[in-house]
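Student: Provided below for reference: sequence and predicted model.
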Amino acid sequence: MASNYSWNYSLDYGLSNITYNGSLGFSIEDSFSVYRFVAISTVLLLLAFITNSFSIAAIHNIPGANSCSHKLFLNLAVAETLNALVTYLEVAPRVMWLKLAQGQISPYTFVMLKNLQTVQFILFAFFYCASGITLLELAILRFVAIRYPMSYSRLFSIERWPIIISSIWIGAIILALPGLCVFGNFGNKCAFWNYIWPCGLIAIFITIFVLYGIVSVLLVAMSKSRTCRHQEENRKAIVTTVILICSLMVVAVPYITVKLLRYHYHSPLIQTIQDNFICILPYFNFIFDPFVYGIRTKDIRDGYAHLNTICGLKSRTQRFAMVNNTVNGTSQTNCEKATEMVDMVAL
């Protein structure tokens, strides 16, 4: 049976107008490059997962009542964790292309590869937009806290956080959803989406910088009138948001640029940049962000301190339990005794 599959769209892999006729008509990277990419991606995925997981745990352990900003940071950590997992999906097509070239898998896998790569990139855009909109919400939150302090508690009360978080994900769906048209019979008409969601990120970037400029002017005016009380914390918070959106754009600009170049002009140089740099670039954003807001945000630092205290207490309890279990050969009763001993030491 003849094999003849066409691929007319893919911003992600830039392999438009490829036809498979029983043999591959384009170059496939060697085995060493593929498995090196798998190893590097695995390490970076683990680092991104660990750093964001610790951030999530720290935010959950912030002493006192949670605020809307805590929920937004939590949402950012969740979005970046999921996007790290989605970015890792690039490993599967790279390995499968190699296996296909070596004749180890069926040529009918070509269609599955096309769909997998397309879904991976749409999901990447979805979670990346969710991160950008979350940062926009954080900037708006600080702007309202400084410009309209009387309305802040009403607009950003903890009771409203489900509405705010839902609006973030709805906005991300609106930006990413048009990418699904590739699965319809629209041909290359879907290519317009390649420019929609990047423009959305650029709009978010510009808006955050405008808000930062307005807030800076307001803070200068307040400092002169000596009416600012907690404004240093608000200033630091919005600077943190600016750093985070810059981190996002530093990754997004080269990532999207190379994808667009590969979509229009496929060349060995662009392919080399894609395979050895662009594919792993997003991980650095996912790893970097938890350090930024973890170090610069006092509440999250307090959450880490509280988490460390809890872990330290559990560690001491476990050591006491192990000693008692060794001596008496019991488990549950001695674990309770160990807890009592820790309480006595703490007193």
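Tutor: Ah, there it is. Numbers count the residues shown, from 1 in each chain.
Student: model confidence for the most centrally placed residue in the chain, exactly?
Tutor: Nearest to the geometric centre of the chain sits residue 80, at 1.6 Å (C-alpha atoms, centre = their mean). Predicted confidence (pLDDT) for residue 80: 95.
Student: how far away is it from residue 192?
Tutor: Noted for residue 80: a distance of 27 Å to residue 192, by C-beta to C-beta, to the nearest Å. Using the backbone N, CA and C atoms, a C-beta is placed for each residue, glycine as well.
Student: that older thread, can you report how many residues neighbour the closest residue to the residue nearest to the centre of the chain other than its chain neighbours?
Tutor: Excluding the flanking residues, the one nearest residue 80 by C-beta to C-beta, 6 or more residues apart in numbering is residue 286, at 4.5 Å. When neighbours are counted by other C-beta atoms under 10 Å, residue 286 registers 28.
Student: same check, this time on the one 4 residues further on
Tutor: The criterion is other C-beta under 10 Å. On that basis, residue 290 has 24 neighbouring residues.
Student: how about it, phi and psi?
Tutor: Residue 290 has phi and psi values of phi -60, psi -30 when expressed as degrees, to the nearest 10.
Student: pretty sure it contacts residue 53?
Tutor: No: using C-beta atoms under 8 Å as the test, residue 290 is too far from residue 53 to be in contact (9.1 Å).
Student: and the lengthiest helix in the chain, what's buried?
Tutor: Assignment by DSSP state H gives helix 109-147 as the longest helix of the chain. The neighbour-count check on helix 109-147 (16 or more other C-beta atoms under 10 Å) flags 109-110, 113-114, 116-146 as buried.
Student: check stretch 299-313 too.
Tutor: So for stretch 299-313, counting by 16+ other C-beta under 10 Å, buried means 299-300, 303-304, 306-307.
Student: now that stretch, how far from the chain's geometric center?
Tutor: The chain centroid and the centroid of stretch 299-313 are separated by 23 Å under C-alpha atoms, centre = their mean, to the nearest Å.
Student: which residues in the stretch 51-200 of the chain form helices?
Tutor: Listed in chain order, the helices of the stretch 51-200 of the chain (DSSP state H, counting those that start in this stretch) span 68-88, 91-101, 109-147, 149-155, 161-176, 193-225.
Student: which helices and strands sit right next to the fourth one?
Tutor: The contact analysis (3 or more C-beta pairs under 8 Å, 6 or more residues apart in numbering; DSSP states H and E) places helix 149-155 against helix 109-147.
Student: for the chain, what helix or strand is lowest in average pLDDT?
Tutor: strand 5-7 (a mean of 36; mean pLDDT, DSSP states H and E).
Student: tell me the contacts of the residue nearest to the centre of the chain?
Tutor: 48, 52, 127, 131, 285-286, 289-290 (C-beta atoms under 8 Å, 6 or more residues apart in numbering).
Student: farthest pair within those?
Tutor: Farthest pair in the contacts of residue 80 (C-beta to C-beta) is 127 and 290. Separation: 15.4 Å.
Student: my guess is residue 125 contacts residue 176. True?
Tutor: Yes: when contacts are counted by C-beta under 8 Å, residue 125 is listed as touching residue 176 (4.8 Å).
Student: joint contacts of those two?
Tutor: Common neighbours of residue 125 and residue 176 (C-beta under 8 Å, 6+ apart) are residue 197.
Student: so where's the stretch 101-250 of the chain uncertain?
Tutor: Judged by pLDDT under 70, the stretch 101-250 of the chain has its weakly predicted residues at 104-111, 184-189, 223-232.
Student: please redo it, this time with the cut-off set to 50
Tutor: Scanning the stretch 101-250 of the chain for pLDDT under 50 picks out no residues.
Student: domain assignment for this protein?
Tutor: Listed domain ranges for the chain are 5-296, 297-347 (source: automatic domain parsing).
Student: for residue 71, which non-adjacent residue is spatially closest?
Tutor: residue 161 (4.3 Å).
Student: check residue 74 too.
Tutor: residue 59 (4.8 Å).
Student: same deal with residue 76?
Tutor: Of all residues not flanking residue 76 in the chain, residue 134 sits nearest, at 4.7 Å (C-beta to C-beta, 6+ apart).
Student: wait, the one you found sits on residue 74?
Tutor: No: using C-beta under 8 Å, residue 134 is not in contact with residue 74; the gap is 9.6 Å.
Student: tell me how far residue 273 lies from residue 211.
Tutor: Using C-beta to C-beta, residue 273 is found at 34 Å from residue 211.
Student: and the two? Which one has more around it.
Tutor: residue 211 (22 against 17).
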